[in-house]
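1. Just the structure for this:
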Amino acid sequence: MSTPSLNLCVVLSDAKRIIKANRSHFLALGLLFVLPLSLSAIVYPSFSQPASIIFIYNRLLSSSSTPVPDGEISPVDNSDVIFTVLYSLFVLLLSLFTSASITHSTWNGFFGRQLNITSSVKSILVSFFPLTVTYVVSLLILGLIIFAVGGLAALMYGGILFWGAQTDFGNVYFPVLVVLLAVLLVGVMIYIQVEWFLACVVVVVESKWGFEPLKRSSYLVKGVKWIAFSILIYFALSIGFLSAFYSSSVPSYISSGSISWEFGLPTVLFTVFATALLLYSVVATAVLFIYCKALHGELALEMVDEFAPLYVRLPFDGDEKVPKVVYVV
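-> Next up, the predicted model:
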């Protein structure tokens, strides 16, 4: 009897199974690390008034021949910049804590091991520095890519000037050029995110750090990139639609100075569902990592050495060179 092939539904189903089997454990981790992330997404816009996205474009217009009316270019408050930096550090730290603890729990929960909060919190101390270094390395690489795209834009702009063309940032061609470069950059970024999709799990489970987890992730996702992309898009769209719904449902309570059920109910719902989605996404990523190891023939030996005598069937077709039955608790 053939087993179903590995796909998005299988990964999400196993993630749900692990969470359901250890409901209280993941609930505690969610309250400790994921819930503050969801709440911060509500608190941050309330206390910070970032400059409009149009600010940069208006600056470009002001340097061109197109006049810009006074008042359209608003200065950026220094306090907003400081608050944004502090908020970014807060989100980064909680994200690292979340990745380390939930990934550690998922790896052990997949094999039926006993989970406890103390072990999960200790995994943060072990994985924090490697995760931080890996994150910095990935940022440096992404920065080089952005710099390369910016260099391409500069070359294009220099070529236009070299041929004697007049450049007006206010005409229709400049936004089109910006959009094309943005699409190119977004496409490259998505591809890299898929390639590095399992990097955090590699750091936590295999104790690698720096550039090595990025390379390791690229190797593991071979053959399952569409699944990694599907998981990435699935949770990105889910959280995006949830955020859009929340933004459209909540009235402008800041200007009115009053908080009613019209604000409280959507806020509670947004916090609960956002917390669940974020936790679910980390678990699903760790589950995909486990199956990727199995697809590359790296999991069966580890499981045979450690577990007996019960078994579970991994969801692969007969064509994959992976044992259909491996021993786990």
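
2. For stretch 187-194, which residues meet the burial criterion?
-> Ile192, Gln193, Val194 (16 or more other C-beta atoms under 10 Å). All C-beta atoms are positioned from the backbone trio N, CA, C, and that covers glycine.

3. who touches it?
-> Stretch 187-194 has contacts (C-beta atoms under 8 Å, 6 or more residues apart in numbering) with Ile141, Leu142, Ile145, Val149, Val221, Lys225, Ala228, Phe229, Leu232.

4. Keeping just the C-alphas, turn it into CSV.
-> Below are the C-alpha coordinates for stretch 187-194, written out as CSV (Å, rounded to 0.1, in the frame of the first residue of the first chain):
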residue,chain,number,x,y,z
GLY,A,187,11.9,38.0,-6.7
VAL,A,188,15.6,37.6,-5.7
MET,A,189,14.7,38.0,-2.0
ILE,A,190,11.9,35.4,-2.2
TYR,A,191,14.2,32.9,-3.9
ILE,A,192,16.8,33.4,-1.2
GLN,A,193,14.2,33.1,1.5
VAL,A,194,13.3,29.7,0.0
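
5. Now that stretch: average pLDDT?
-> Here stretch 187-194 scores 91 as its mean pLDDT.

6. Read off the pLDDT value for the residue nearest to Val221 when sequence neighbours are not counted.
-> Distance criterion C-beta to C-beta, 6 or more residues apart in numbering; nearest residue to Val221, sequence neighbours excluded, is Ala228 at 5.1 Å. Looking at Ala228, its pLDDT is 94.

7. who touches Ala228 in this structure?
-> Val194, Phe197, Leu198, Val221, Leu288.

8. all strands for the chain, in order.
-> 311-313, 325-327 (DSSP state E).

9. hey, least reliable of these by pLDDT?
-> strand 325-327 (a mean of 40).

10. Give me the distance between the residue nearest to Val221 and Ile190.
-> Remark: distance between Ala228 and Ile190 (C-beta to C-beta, to the nearest Å) = 11 Å.

11. Please apply the same query to Val179.
-> From Val179 to Ile190 the distance is 16 Å (C-beta to C-beta).

12. What of Ala244?
-> On the measure of C-beta to C-beta, Ala244 and Ile190 end up 20 Å apart.

13. One more: Arg216?
-> Arg216 is 20 Å from Ile190, by C-beta to C-beta.

14. got it, and Val203?
-> Taking C-beta to C-beta, one finds Val203 at 21 Å from Ile190.

15. circling back to that earlier point, just name the lowest-scoring one in the contacts of stretch 187-194, pLDDT-wise.
-> Val149 (77).

16. Just list the residues touching the residue nearest to that one when sequence neighbours are not counted, thanks.
-> In this structure, Val149 finds its nearest non-sequential neighbour in Leu185, 5.0 Å apart by C-beta to C-beta, 6+ apart. Counting by C-beta under 8 Å, 6+ apart, Leu185 touches Ile145, Ile146, Val149.
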